[in-house]
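Q: Just the structure for this:
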Amino acid sequence: MSPSATEVSIASKGQDKVLSPSSLAHVVLRTARYQELVDFWTMFLGATITHKDDTLAFLRYDEEHHRIAIIAVPGTLPRAGTTAGLHHIAFSYSTLADLLQAYRQRKALGVMPKWSVNHGPTTSIYYEDPDGNLVETQVDNFETSEEANDFMSGPLFAENPVGTDFNPEELYQTMQSGVADGELKKRVEIGPRSMPAGL
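A: Got it, this is the predicted structure:
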């Protein structure tokens, strides 16, 4: 198979790969449930609205002008779980305490997780927005990216790349009893498993 024009161009410039971006800027969601989605994401992220009109909303929760944009497109059909497309969006928290505080705040507002799992590299709590888009909230389980990469390249992750489910309320109560974060974030090994149905 002959190289493409892009591959030839990169090779001629002495590069072995395309230049990577410096960061992920934002995600745009298309919807027919515009106001419902704007309300959900504003609440879910503790976000503020940078701009909103009848068809476009831009939401921010940090220094970026927007991280989530929502666009109302007439004729948009509901998600079908069997079609190709984006599986989920993930947001990181700095500490396990922050992850669980956000979980309890959302719970108080009636927003419950769809799935809670320790993947190994992260402790993650998944939710679903009104359109059925999956949203992961997570905290890193290792102090360095090298440790996380080593775990993901190792035999335990090869055996079970999905993770071990947990109850976030029980994890919160255990954290409140004074158990150290390092112990709480260590994955319980259960052997091989597949993805849960419906995810």
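
Q: Where in this protein is the helix or strand with the lowest mean pLDDT?
A: In the chain, no helix or strand scores lower on mean pLDDT, DSSP states H and E than helix 5-12, which sits at a mean of 58.

Q: after that helix comes which helix or strand?
A: Downstream of helix 5-12, the first helix or strand assigned by DSSP states H and E is strand 27-31.

Q: What residues of that following strand count as buried?
A: Of all the residues in strand 27-31, those buried under the rule 16 or more other Cβ atoms under 10 Å are 29, 31. Bear in mind the C-beta positions are built from the backbone N, C-alpha and C, glycine included.

Q: And stretch 122-138, by the same measure?
A: Result for stretch 122-138 [16+ other Cβ under 10 Å]: buried residues 122-129, 131, 133-138.

Q: can you check stretch 51-67 too?
A: 57-61, 66-67.

Q: And the helices in the chain?
A: Listed in chain order, the helices of the chain (DSSP state H) span 5-12, 34-45, 96-108, 145-152, 155-159, 168-176, 181-184.

Q: Start and end of stretch 49-62, how far apart?
A: 12 Å (Cα to Cα, to the nearest Å).

Q: From here on, call the first residue 15.
A: Shifting the count to begin at 15 puts that one at stretch 63-76.

Q: Just the residues contacting that stretch, thanks.
A: 48, 52, 55-56, 59-62, 79-87 (Cβ atoms under 8 Å, 6 or more residues apart in numbering).

Q: Please state the offset of it from the chain centre?
A: Offset of stretch 63-76 from its chain centre (Cα atoms, centre = their mean, to the nearest Å): 20 Å.

Q: Can I get the buried residues of stretch 65-81 in CSV including pLDDT?
A: Shown next, in CSV, are the buried residues of stretch 65-81 (pLDDT from 0 to 100):
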residue, pLDDT
71, 98
72, 98
73, 98
74, 98
75, 97
80, 97
81, 97
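
Q: Out of the residues you listed, which is nearest to residue 165?
A: residue 81 (27.9 Å; Cβ to Cβ).

Q: can you pull the contacts of that closest one?
A: By Cβ under 8 Å, 6+ apart, residue 81 lies in contact with 39-41, 59, 61, 73-75.

Q: and the two most separated of the buried residues of stretch 136-152?
A: Taking Cβ to Cβ as the measure, these span a maximum distance of 25.6 Å, between 137 and 145.

Q: Hmm, residue 173 and residue 205 touching each other?
A: Yes: with contacts counted by Cβ atoms under 8 Å, residue 205 reaches residue 173, the gap being 6.4 Å.
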